[in-house]
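Q: I'd like to go over a predicted model; first the sequence, then the structure.
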Protein chains: 4
Amino acid sequence: MRKPNAKERILETAGKLFMERGYSEVGINEIINTAETAKASFYQHFPSKEALCETWLETLHDRSETHRGDLLNSDMPVADKVDRYFSELADWLEASQFRGCPFSNTSAVTCTESKGINHQISSHKESIRGFFEAICEGHFANSETDQQKAGVLFLLYSGATTEAQNLRDLWPVETARKAAAELMKNNRE
Amino acid sequence: MRKPNAKERILETAGKLFMERGYSEVGINEIINTAETAKASFYQHFPSKEALCETWLETLHDRSETHRGDLLNSDMPVADKVDRYFSELADWLEASQFRGCPFSNTSAVTCTESKGINHQISSHKESIRGFFEAICEGHFANSETDQQKAGVLFLLYSGATTEAQNLRDLWPVETARKAAAELMKNNRE
Amino acid sequence: MRKPNAKERILETAGKLFMERGYSEVGINEIINTAETAKASFYQHFPSKEALCETWLETLHDRSETHRGDLLNSDMPVADKVDRYFSELADWLEASQFRGCPFSNTSAVTCTESKGINHQISSHKESIRGFFEAICEGHFANSETDQQKAGVLFLLYSGATTEAQNLRDLWPVETARKAAAELMKNNRE
Amino acid sequence: MRKPNAKERILETAGKLFMERGYSEVGINEIINTAETAKASFYQHFPSKEALCETWLETLHDRSETHRGDLLNSDMPVADKVDRYFSELADWLEASQFRGCPFSNTSAVTCTESKGINHQISSHKESIRGFFEAICEGHFANSETDQQKAGVLFLLYSGATTEAQNLRDLWPVETARKAAAELMKNNRE
DNA sequence: CATGAATGAGACTTCATTCAT
DNA sequence: AATGAATGAAGTCTCATTCAT
């Protein structure tokens, strides 16, 4: 039987599985069985497992960037945007059963092998930092402080994500949220 | 030819390799070849790869706990202790080629499988948080603030470690260090 | 080099080896080496060694059932059919170097593990008993006696097979043959 | 800690395990762990696993021979002795969870390897046949008939044991018992 | 007599990938 | 574009046995 949209099905399935158990713990076989595709169909669309990973991360990144863009452009005070960000982070972590950040998780497993994957990871993280920089821009005493505060927000986000995963608990996110709120209060006025 | 101390050699070798490339990316074969042991010698001492991982994390944890204990008991102002902590974190990350936290990295790969491993991970992280709580105790306005600040330091540490790994750069640690220093300044007096 | 029909070669080879030395004494490696296949080709076609065993027994069973069907439908007096059965049993045992019944031999080794294998074994044995029941039906004083006699023939067959294997000698089959012949003589007229 | 009677403990433990799951399915490790003995203690007493098997079968054989001797010397009509034999066979099979005859089971797994084991098996079986010959001696028309009938009893015993194992049911033993009783009735007077 | 650590060989199974159709 | 069969390499783990103390 011939099924269309093999590529999409593979990508979606792999996404789910990678998310749930990590890139290294999910094999091609499981992916194609779950996606109900033939082995060779997989390699028709993706030259390798690594390439699939790259595409997956790219998709995730695009989606998350859109999300941050929407938040940034939304009509709210910046402090609220920050609060919203951490609030949604908590939701996401809970929904994904505390599986943490797919980019960091992938980074834990593919030290120096794939240039493409590493690039996805770092550019994703830079993008998030960029988001916080946009948030902080002009909010504090000077641009240097803006940058430092953005960095701190970025670290709070990252630490919260990592430790919620490690401890399977939401308190890191709540702590980060409070800290972020306080941080945003100490602004220029 | 018969070589003694297989267990030690295995543990040391595995530690090195797990550190470098992650638990999931290092196989038993590589471990025993590098350690120059027979496969059965491995299983004489460790019932499974997972058990080895657990022992490895346990060893790491003990070492790091000692280190934090020493720092805590050392004769310094608390702010200096914090600074020292982040300074040494930077050294460690650089020395380990930005491989990040072995506990978090392992967590990324063993979602819900092993109780023992998960316990090592969470108790290690709790121990670090405990360290920061000991640092902050009595340093701020009240005990609630102490706790919150300790949590923030913990998140800064975690975020710095994670993102230094993701970005292969030291700036997250430096940012965390600065933020931690400032945080320690806003104390009770 | 790539060879087609791996599945057939595996099944045939495994059949030969299992027959010769028993399920537990033949490893996957030996099977695939003899069959000149890759290990992964094996697992493409059989999910496990146990599954292979099941398929093997199934094949044997089908073949033997056909054989008994032919004998049953053949144009002979029933007593001759019985005699023929034991005569051919002797031939088979000698040809197979007194390796006995593959089903019983497998049963000796897979106590309660595999449902599938156990089912093959018991249904094979029931089928043979059914054969003797068909033979005896209407041959003796009443249907109860028919059944009892069929049971005895079945036990003679089984004992002969088992002990020819244990003693590496044909006398058990000859004894069974004589006993069966006498048994068939004491019929209703 | 130093435990005495290692040899006996090993023999007893191995007996239990071999009985339960078959010679080939029980490893040395399991035996010594269950018997709480050191590996080397095992090899102090038994040069090899095969030798252990031989000793085990020898022990079993001695025990069973004594049992048959007692039955033979007991003060009963021969027909009752036979009936008693099959009745006790049923008990044994049920008690051992239909694991069948340890000698036949071992035979299924050690085709031509060990002379010693094969000798144990065949001499055990010959001993049982000898028992039935002693039973039948002088019971029938002539010595030739005595022998043939003894052979049939032997096959009934063997078939009943084998098939009770295969089918996990007692009916083969009951069928054999009835057949044996009838056989003993058709005697010389 | 007793022991725990060490061993080579091999058990079964899965990996990511490629071939021929 | 899609497929199922084939593959070498590697995965984790166990086998029966032997060594040094």
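A: Everything's here; your move. Numbering: from 1, shown residues only, chains lettered A, B, ... in the order given.

Q: can I assume A:Ser64 is in contact with A:His124?
A: Yes. The criterion here is C-beta atoms under 8 Å, and A:Ser64 meets it with A:His124 at 7.4 Å. Any C-beta I mention is one placed from the backbone N, CA and C, and that applies to glycine too.

Q: So if I had to pick from the two, which one is more boxed in?
A: Between A:Ser64 and A:His124, counting by other C-beta atoms under 10 Å in any protein chain shown, A:His124 is the more crowded of the two (24 against 18).

Q: which other helices and strands contact the helix or strand harbouring that one?
A: When elements are assigned from DSSP states H and E, A:His124 belongs to helix A:115-136. Secondary-structure packing of helix A:115-136 (3 or more C-beta pairs under 8 Å, 6 or more residues apart in numbering or on different chains; DSSP states H and E): helix A:49-73, helix A:78-95, helix A:102-107, helix A:143-167, helix B:143-167.

Q: Out of the ones you listed, flag the one nearest DNA strand F.
A: Nearest to DNA strand F, of all these, is helix A:49-73, at 12.1 Å by C-beta to the nearest atom of the strand.

Q: neighbouring contacts of that closest one?
A: A:10-11, A:14-15, A:18, A:23, A:28, A:31, A:42, A:46, A:81, A:84-85, A:102-103, A:106, A:110, A:113-114, A:116-117, A:120-121, A:123-124, A:127-128, A:131, A:134-135 (C-beta atoms under 8 Å, 6 or more residues apart in numbering or on different chains).

Q: Relative to A:Asp75, how far out is A:Gly100?
A: Applying C-beta to C-beta, to the nearest Å, the value for A:Gly100 to A:Asp75 is 31 Å.

Q: Next to DNA strand E in this structure, residues from chain A, please.
A: For chain A, the residues in contact with DNA strand E (C-beta under 7 Å from any atom of the strand) are A:26-30, A:39-40, A:42-43, A:47-50.

Q: Could you list the domains of chain A?
A: A:1-46, A:49-185 (automatic domain parsing).

Q: want to throw those into a markdown table with mean pLDDT?
A: Compiled in a markdown table, the domains of chain A are given as follows (pLDDT from 0 to 100):
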| stretch | mean pLDDT |
| --- | --- |
| domain A:1-46 | 90 |
| domain A:49-185 | 95 |
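
Q: Residues in contact with stretch A:92-99: which ones?
A: By C-beta under 8 Å, 6+ apart, stretch A:92-99 touches A:Met19, A:Glu20, A:Gly100, A:Asn105, A:Thr161, A:Ala164, A:Gln165, A:Arg168, A:Asp169, A:Leu170, A:Val173, B:Cys111.

Q: Next, the distance between the ends of it.
A: 9 Å (C-alpha to C-alpha, to the nearest Å).

Q: May I see the buried residues of it?
A: Burial within stretch A:92-99, assessed by neighbour count using 16 or more other C-beta atoms under 10 Å in any protein chain shown, is assigned to A:Trp92, A:Leu93, A:Phe98, A:Arg99.

Q: So the residue most central in space within chain A versus B:Ala160, what's the distance?
A: The centre of chain A sits closest to A:Cys101, judged by C-alpha atoms, centre = their mean, with a distance of 5.1 Å. Computed as C-beta to C-beta, the A:Cys101 to B:Ala160 distance reads 15 Å.

Q: quick check, stretch A:5-19 touching chain B?
A: No. Using C-beta under 8 Å from any C-beta of the partner chain, stretch A:5-19 never reaches chain B; the gap is at least 10.2 Å.

Q: Now do that stretch: everything it contacts.
A: With C-beta under 8 Å, 6+ apart as the test, stretch A:5-19 has contacts from A:3, A:26, A:30-32, A:34-37, A:41-42, A:44-46, A:52-53, A:55-56, A:59-60, A:96, A:99, A:102, A:106.
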